[in-house]
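Asker: quick check, what structure comes out for this input:
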Amino acid sequence: MPPNLQQIPDNELWLIIISGDVAAYTELYERYWETLFETAYWHLFDKAAAKDIVQEVFVYCWQKRAQIHINESVIAYFRTAVRFKVLNYLRSEAAREKYQLLAGRDLPVISYNTNDHMAMADLQACYRRELERLPHKMREVFIDSRDHGLSIDEIAHKRAISPQTVKNQLSAALKKLREGLGNFFIE
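Answerer: Here you go, the predicted model:
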C-alpha cells in the first residue's frame, strides 16, 4: 500500500478500507466529512442533527464495509446514505411532534407535519427556480458536483475546462443560490 493515502483515488481507497484499514478510512472521512455535513445541514438547518447523521453514516459504513460494494462514486454513495438518513430523521421528528400534540388530547389542533412539508416544498421549489436561473454551464457544473458527486478534477475532465474554472463556477453558483434562497437561511 502506498504510504500517501491522500493521492489514492476514492474507489481504490474504498477497496483498502474493505480490508479493515483504519488509516484509509480516516483519509476518506477527512476528505468528505465537511461535504456530507453540508448535505445534511442543507436539508435540516440543524447543525447538531447534521453532525449526528454524518457520524452515523460513517460508523455504519465502517461496520458494514465488507457488505458495501461501491461501483461508481464513493462520495455519491455516502451522499445518498446521508440523504436517506436525513429523510428517516425528518420522518421520526414528524412522528414525535405528532405524538406530542396528541398527548392528553383527543384530536390534534394543528399538525406541524403539514407545515414541514409545505416549507420543504417551498424550499425545493425556490431551489429549483434559483438553479434554473444559473447560467447553463454553471448549472451543469453545480449539478455534476452536488447531484452526481463528481470531484472538481472529474468535472474539469468531463467538461473540458480547467479545475480552477470548475472551482470558480461552483463558488459563483453557491453565492447566487445563497442570495436567491436567503429567506430560508434565518437561524
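Asker: and the most centrally placed residue in the chain, what helix or strand is that in?
Answerer: Nearest to the mean C-alpha position of the chain, counting by CA atoms, centre = their mean, stands Thr39 at 2.6 Å. Using DSSP states H and E, Thr39 falls within helix 22-44.
Asker: which SSE is immediately downstream of the helix or strand of the chain with the lowest mean pLDDT?
Answerer: Sorting the helices and strands of the chain by mean pLDDT, DSSP states H and E puts helix 112-133 at the bottom, at a mean of 69. Toward the C-terminus, helix 112-133 is succeeded by helix 136-146 as the next helix or strand (DSSP H and E).
Asker: show me how the record splits the chain into domains.
Answerer: With domains defined by automatic domain parsing, the chain comprises 1-109, 117-187.
Asker: separation between His43 and Ile8?
Answerer: 30 Å (CB to CB, to the nearest Å). Placement of C-beta: from N, CA and C, glycine included.
Asker: thinking again about what came up before, so what's the residue nearest to the centre of the chain up against?
Answerer: 79, 82-83, 86 (CB atoms under 8 Å, 6 or more residues apart in numbering).
Asker: swap the cut-off to 6 Å and go again
Answerer: 79, 82 (CB atoms under 6 Å, 6 or more residues apart in numbering).
Asker: look up how far His148 lies from it.
Answerer: 13 Å.
Asker: and Gln7, by the same measure?
Answerer: Taking CB to CB, one finds Gln7 at 23 Å from His148.
Asker: more crowded one of these two?
Answerer: Applying other CB atoms under 10 Å to Gln7 and His148 shows that His148 carries more neighbours, namely 15 against 10.
Asker: secondary structure class for that one?
Answerer: The three-state label given to His148 by DSSP: H, G, I helix; E, B strand; the rest coil is coil.
Asker: related to what we said a few turns ago, now do the residue nearest to the centre of the chain, the pLDDT please.
Answerer: The confidence metric pLDDT takes the value 87 at Thr39.
Asker: one more: Ala173?
Answerer: Looking at Ala173, the pLDDT reads 88.
Asker: in space, what's closest to it - neighbours in sequence excluded?
Answerer: Phe142 (4.2 Å; CB to CB, 6 or more residues apart in numbering).
Asker: pretty sure the one you found sits against Ser171.
Answerer: No. Using CB atoms under 6 Å, Phe142 is not in contact with Ser171; the gap is 10.3 Å.
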